[in-house]
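>>> from the sequence below, what's the structure:
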Amino acid sequence: MTSSNAHGTPTVVLIHGLWVTPRSWEHWVAHYTSQGLDVLAPAWPGVEGEVEDLRLDASSMAGIGLEDVVSHYEAVVRNLEGPVILVGHSFGGTVVQLLLDRGLGAAGVVIDSAAVKGVLPLQLSTLRSTWPVLRSPANRDKVLGLTPRQFRYAFANTLDEKESLAAYDRYHVPGSARVLFQGAFANFNPRAVTRVDFRRDRRAPLLFIAGGEDHIVPPKVNRANARLYEKSAAVTEYREFPGRSHLTIGEEGWQEVADYAMDWALNRALLLKTPLT
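Here you go, the predicted model:
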């Protein structure tokens, strides 16, 4: 894959999270493209295809681990020309943190990011959101989804029932339980795939965006994740948007989040003259 970028125009790589597909970025793709940016929203390995097809047969996701996802996006980014802005949602935010740790990207934005190894706060709402999968170790290698009721609590708690169901029908697919287990138990695994060198000084600027009412990744978790980077001289900032759920990128008012994220990334990358990888 090679960007059509010929004049140094940034390429924006949007990385989706668990239980959704690149369709979750549909508004952002159109929005950024209209601003003259080159935009890519590649699927996780095993998550290629339409939501409706994946609901009928999600076997392609079986056994996919976070290491597979990160390696997939690393290959995508390394094959691009010019500056790359990395934007990730949920577990896509974890992927962005790991890619920046590998020296990739001119800037990174993580939205409602799942935690990396070393983040300690565990909120009851997080446990309730993920318990349908994590309650049994036998689920580790399965492909599992959420019910509409579970989706509303985890993703769309600020939406009414009708809006949440519409989002569920539009975006939700089963996901690889392995990824969730890897993230949830990283602090008990000395070789966890989510390890990051928080002291790395030569790392692109990183912005954490949190939704104030997020159930899966409450703001407390994102703040704790951001604070771990205080050991580094590299730029790390945090911004919270009150009243927003985990579906920040799709619920009403998403434009405000999208514009803030891109303005920050472009300004930081230009100001600090980050190596354009």
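>>> quick one: the helices in this protein?
Per DSSP state H, the chain carries helices over the ranges 26-34, 51-56, 66-78, 91-101, 124-134, 148-154, 161-171, 177-184, 219-228, 254-272.
>>> check which residues of the second one are buried.
Which is helix 51-56. 51, 54 (16 or more other CB atoms under 10 Å). The way it works is simple: take the backbone N, C-alpha and C, and place the C-beta from them, glycine included.
>>> same check on stretch 119-134?
119, 123, 125-126, 129-130, 132-134.
>>> thought residue 115 was touching residue 225?
Yes - look at residue 115 against residue 225 with CB atoms under 8 Å: they come within range, at 5.5 Å.
>>> which of the helices of the chain is buried the deepest?
Among these, helix 91-101 has the highest mean neighbour count (mean count of other CB atoms under 10 Å), at a mean of 27.
>>> contacts for that one next, please.
Helix 91-101 has contacts (CB atoms under 8 Å, 6 or more residues apart in numbering) with 14-18, 66, 69-70, 73-74, 77, 86-88, 105, 108-116, 179, 183, 193-194, 196-197, 200, 203-204, 206, 225.
>>> relative to helix 66-78, how tilted is that helix?
60 degrees (axes from the mean of the first three to the mean of the last three CA atoms, to 10 degrees).
>>> so where's the stretch 51-200 of the chain shaky on pLDDT?
The stretch 51-200 of the chain contains no residues with pLDDT under 70.
>>> on that earlier part again, residue 237: which of the buried residues of stretch 119-134 is nearest?
For the buried residues of stretch 119-134, the closest approach to residue 237 (CB to CB) belongs to residue 119, at 17.0 Å.
>>> nearest residue to that closest one in space, please, no chain neighbours.
residue 225 (4.8 Å; CB to CB, 6 or more residues apart in numbering).
>>> report the separation between the one you found and residue 36.
Between residue 225 and residue 36 the computed distance is 32 Å (CB to CB, to the nearest Å).
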